[in-house]
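Visitor: Give me a 3D structure for the following:
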Amino acid sequence: MNRFQLIATIAERDVLRFTPAGVPIVGAILMHDSQQVEAGVARQVAFEIPALGAGEISGRLESAELGAAYRFDGFLARKNRNSKALVFHIIDFSAA
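Guide: Numbers count the residues shown, from 1 in each chain. All right, here's what the predicted structure looks like:
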């Protein structure tokens with residue numbers, strides 16, 4: 001199973017574009033900052049992750065407020081078939 005959930009803010013967002021097949025797509029950078037417990041010890045976790053929304057989600061992502069917290073649901077995939085870098089593909093999101 002490849003499922004990824006994250007509460008994050010939208011730090012950056014690209015303009016809406018279209019794939020060669022005509023699918024609307026929006027890229028973004030999401031920022032996460034939280035405290036997690038690992039091996040019984042509290043640990044501060046902060047990172048940025050590249051993300052994209054395609055189809056209907058792209059319109060919602062394009063109009064979402066920058067800097068606001070959202071709960072994102074989706075999956076991770078390679079940026080392209082020759083890359084080892086991962087991109088978070090957003091399937092759905094809502095206010096956190």
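Visitor: for residue 16, what are its contacts?
Guide: 24-26, 58-59, 62 (C-beta atoms under 8 Å, 6 or more residues apart in numbering). Backbone N, C-alpha and C define where each C-beta goes, glycine included.
Visitor: what pLDDT does it get?
Guide: Note on residue 16: pLDDT of 96.
Visitor: Put together a markdown table for the contacts of residue 16, with pLDDT, neighbour count and secondary structure on each row.
Guide: Output for these, formatted as a markdown table (pLDDT from 0 to 100; neighbours: other C-beta atoms under 10 Å; DSSP: H, G, I helix; E, B strand; the rest coil):
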| residue | pLDDT | neighbour count | secondary structure |
| --- | --- | --- | --- |
| 24 | 97 | 17 | strand |
| 25 | 97 | 17 | strand |
| 26 | 97 | 22 | strand |
| 58 | 96 | 20 | helix |
| 59 | 94 | 13 | helix |
| 62 | 94 | 16 | helix |
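Visitor: show me where this structure has helices.
Guide: Along the chain, counting by DSSP state H, helices occupy 56-63.
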